[in-house]
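In: Kindly return the folded structure for what I paste below:
(one chain, ligands or ions: 1)
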Amino acid sequence: MKKKIKIALLGFGTVGKGIYYSLKNHPKRISKTIGFEIEVVSIVVKHLEKHQDFEDNKLITTDFETVIQNPEIDIVLEAIVGKEPAFSYLSQSIKAGKHIITANKEMFAHHGEELLELSQKHDVNIGFEATTAGGIPVINTIGKLFQFNEIKKITAILNGTSNYILTQMRVQKLPFNIALKQAQELGYAEADPTNDIEGYDSFYKLMILGQLIYGKQPDWSSVNREGIVNITAKEIEDYNLEDKRIKHIASLELQDNTLTASVKPVVISSEHPLYSIEGVENAVVIEGDVVGQITLSGPGAGAFPTASAMLEDLCLILQSERSTTSSPILAKAIL
Ligand code: HSE
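Out: Modelled structure (predicted):
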């Protein structure tokens, strides 16, 4: 790979901006550590008019074809909401020989397997750390560092918005709608927050973990998926008086070769490892058969935590390009 790496961003909402400004604020960071300079050469958006005031608006285009037609673009970073056009854009990018990095959980839960197969065929890498648990490096930790252990169970808080709302309802006594509005203003919630509060977002993330750990997903129709919309302030307060908390918990377990999963509100007491996970934090409790229980926690949503996960993927891809052997997780087909 050449010394200067040209990248394209697909989508320029909260996360896209987080990537752009992280690179701008730390212009020498990647060249110092890995030896490549990074230049954002194209930003593909849906609505040009929303970005008129952007300082570098010559980079903005609605024409994805310009990315595909530009052989100088090495890596495509995608942070669009929903399956399409993200899946088509990324498939075309792979076929054009470009590495891809995605934060798109809905798209990756549906099409991750297909994209990984395609990436092997075209000898490019896929980074998908940002799809699951925001800034927590759970994908690379599990993919790289849980090779010997068999993971028996995952118990997790995977949606920052839901956890933020439940925390604000309990601690600040805020009504659901006000807490949701705050989560939107802080850039945690999706533009349409239905997926956050109805449990779909956590569900997609859990399916990605299932695919990564077990090479398969549970039958989607067998998964009990409930959101947080029916939880009342009174319930939260009553449990709080008993030192209990309602948390929105995603769990996945392998029993007798069958994967079972659920995504739903659960009442937990103070000894539970997810009890103290508050606000926008996410956490993933991993139960390995040799190591025992490990909990990873950190910011689960927001511009910079998600950008951080994508930029760490970018560094892994650059490292694997620089070394003769590829990076284990990124070169490994997880399916
Ligand atoms: N809306 C998501 C959340 C963003 O609240 O967790 C991070 O995937």
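In: separation between residue 208 and the ligand?
Out: 11 Å (C-beta to the nearest ligand atom, to the nearest Å). Where you see a C-beta, it was placed from the backbone N, CA and C, and this is true even at glycine.
In: Quickly find the element holding that residue.
Out: helix 200-214 (DSSP states H and E).
In: and that helix, what does it pack onto?
Out: For helix 200-214, the packing partners by 3 or more C-beta pairs under 8 Å, 6 or more residues apart in numbering; DSSP states H and E come out as helix 105-121, helix 138-145, strand 151-157, helix 194-197, strand 244-255, strand 258-269.
In: List the buried residues in the third one.
Out: By neighbour count, and taking 16 or more other C-beta atoms under 10 Å as the criterion, the buried residues in strand 151-157 are 151, 154, 155, 156, 157.
In: quick one, what contacts residue 160?
Out: 134, 183, 188, 279, 280, 281, 282, 299, 300, 301, 302 (C-beta atoms under 8 Å, 6 or more residues apart in numbering).
In: Adding secondary structure and pLDDT, write these out as JSON lines.
Out: Output for those, formatted as JSON lines (DSSP: H, G, I helix; E, B strand; the rest coil; pLDDT from 0 to 100):
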{"residue": "134", "secondary structure": "coil", "pLDDT": "96"}
{"residue": "183", "secondary structure": "helix", "pLDDT": "98"}
{"residue": "188", "secondary structure": "coil", "pLDDT": "97"}
{"residue": "279", "secondary structure": "coil", "pLDDT": "98"}
{"residue": "280", "secondary structure": "coil", "pLDDT": "98"}
{"residue": "281", "secondary structure": "strand", "pLDDT": "98"}
{"residue": "282", "secondary structure": "strand", "pLDDT": "98"}
{"residue": "299", "secondary structure": "strand", "pLDDT": "98"}
{"residue": "300", "secondary structure": "coil", "pLDDT": "98"}
{"residue": "301", "secondary structure": "coil", "pLDDT": "97"}
{"residue": "302", "secondary structure": "coil", "pLDDT": "97"}
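In: same for the ligand: which of these are within range?
Out: The overlap between those and the neighbours of the ligand (C-beta under 6 Å from any ligand atom) comes to 134, 188, 300, 301.
In: Arrange those in CSV, one row each, with distance to residue 74 as further columns.
Out: Listed next are these as CSV, based on distance: C-beta to C-beta, whole Å:
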residue, distance to residue 74
134, 26
188, 31
300, 29
301, 28
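In: These: which two are farthest apart?
Out: For these, the maximum inter-member distance is 9.0 Å, found between 134 and 188 (C-beta to C-beta).
In: Overlap in contacts, those two.
Out: 160, 280, 301, 302.
In: which among the residues you listed gets closest to residue 84?
Out: The closest of these, once distances to residue 84 are taken by C-beta to C-beta, is residue 301, at 22.6 Å.
In: quick one: is stretch 75-93 near the ligand?
Out: No - with C-beta under 6 Å from any ligand atom as the criterion, the ligand is not reached by stretch 75-93; the gap is at least 9.4 Å.
In: circling back to that earlier point, which stretch among the helices and strands packed on helix 200-214 comes nearest the ligand?
Out: helix 194-197 (4.9 Å; C-beta to the nearest ligand atom).
In: Of the ones next to the ligand among the contacts of residue 160, select the buried ones using a ChimeraX command.
Out: Filtering these down to the buried ones (16+ other C-beta under 10 Å) takes a single ChimeraX command:
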select :134,188,300,301
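In: any idea which element residue 94 lies in?
Out: Here residue 94, judged by DSSP H and E, is contained in helix 86-95.
In: before we move on, what about residue 77?
Out: strand 73-78.
In: That strand packs against which elements?
Out: Under the contact criterion of 3+ C-beta pairs under 8 Å, 6+ apart, strand 73-78 touches strand 4-10, helix 86-95, strand 99-102, helix 303-322.
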